[in-house]
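Asker: how does the following fold in three dimensions:
(one chain, ligands or ions: 1)
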Amino acid sequence: MSSTAPGSDGGQGRGVAVVTGASSGIGAELVRALRARGTLVVGLSRRPSEADEHEECDVTNRASVKAAAARVLERHARIDLLVNNAGVGARGNYLDSDPEVIERVIRVNYLGSVWSTLAFLPGLGQGSHLVNVVSVAGTVAVGPYSASKHAQLAFSRSIAVELAPRGISVHTVNPGFVETEGFPQRERFGPLVSRIVVDPPLVVQRLLEAVDKDKREIFVPRWYRAVAWAQALAPGLVARVRSRAKR
Ligand SMILES: NC(=O)c1ccc[n+]([C@@H]2O[C@H](COP(=O)([O-])OP(=O)(O)OC[C@H]3O[C@@H](n4cnc5c(N)ncnc54)[C@H](OP(=O)(O)O)[C@@H]3O)[C@@H](O)[C@H]2O)c1
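Answerer: Just a heads-up that it's a prediction; the model follows:
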């Protein structure tokens, strides 16, 4: 089996991909792109998707994820690509957020990725790929959503090390602002700032490139990496600048 994304070589069999959060935004776009490459795609989300096969599933519910994975693995013993993409947004900070929202982002964005990975693990083997759609917010501390993405990023980096001996490649994709149903970004900003908002096809193109070229951690667009460096190298300065902007 090729080590590139299923379907990318056009000649080594269809390959099977599982995409969580398949019903809208980045996930729905990824489903379309993978199907166009000839990959057989299984979508997971609470609402239906355009995948070849769909499993209705709430990724926060461990039993539901396990049952969905068992059904999929009965049909397809091998999974070439698993993409942990399901996620929810949460604007706001700790002081004004509803406790339920603080809990929900952790349950969907972080734990959803963990439960899905563990449930599909029996289908992943030598040459399989796991992609975690994290966020630039996973590298800069800005409220509860960002904390859930920090946790998901730590998961992605940790599981990459744990799965390496099995020949499974793990890729972390960190998008910036992307216009989707759950993240209507353009309405948040004025016309000038909204220029930095991108659309799902760019994220999907870079995600598939990361798999094909075996890139371990990418930012979409690329320049966001500088933001992550600023937070890592000068956390005190970043905090001071952000506090000043809030006054
Ligand atoms: N858009 C951005 O600006 C941006 C930036 C960085 C990272 N991201 C990340 O990109 C990923 C995709 O987001 P998107 O922008 O494409 O948003 P979206 O259009 O709202 O799509 C989110 C997807 O996640 C699914 N989902 C949500 N809760 C779920 C649950 N409990 N169980 C199963 N599926 C669930 C939704 O399906 P159902 O509602 O049908 O269940 C939907 O298919 C997320 O992880 C998000 O954090 C987005």
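
Asker: Leu124 contacts Val131, correct?
Answerer: No - in this structure Leu124 lies outside contact range of Val131 using Cβ atoms under 8 Å: 11.7 Å. Backbone N, C-alpha and C define where each C-beta goes, glycine included.

Asker: of these two, which one has the most company?
Answerer: A side-by-side neighbour count of Leu124 and Val131, using other Cβ atoms under 10 Å, places Val131 first with 24 against 21.

Asker: which strand or helix spans the residue lying closest to Gly21 once chain neighbours are set aside?
Answerer: Leaving aside its sequence neighbours, Gly21 sits nearest to Ala86 (Cβ to Cβ, 6 or more residues apart in numbering; 3.3 Å). Of the helices and strands defined by DSSP states H and E, none includes Ala86.

Asker: which residues does the residue nearest the centre of the chain bridge with?
Answerer: For the chain, Val133 is the residue whose C-alpha lies nearest the centre (Cα atoms, centre = their mean; 1.6 Å). Under DSSP bridges, the beta-bridge partners of Val133 are Val173.

Asker: and the gap between it and Ser116?
Answerer: Distance, Val133 to Ser116, by Cβ to Cβ, to the nearest Å: 12 Å.

Asker: how about low-confidence regions in this protein?
Answerer: 1-5, 7-13, 247 (pLDDT under 70).

Asker: of all the residues in it, which ones are close to the ligand?
Answerer: 20-27, 45-47, 57-60, 85-88, 108-109, 133, 135, 175, 177-178, 180-183, 185 (Cβ under 6 Å from any ligand atom).

Asker: quick one: neighbours of Pro165, just the number.
Answerer: Pro165: 7 neighbours (other Cβ under 10 Å).

Asker: can you give me the helices in the protein?
Answerer: Secondary structure of the chain (DSSP state H): helices at 25-36, 62-75, 99-105, 112-120, 143-163, 200-212, 225-233, 235-246.

Asker: many thanks, have a good one.
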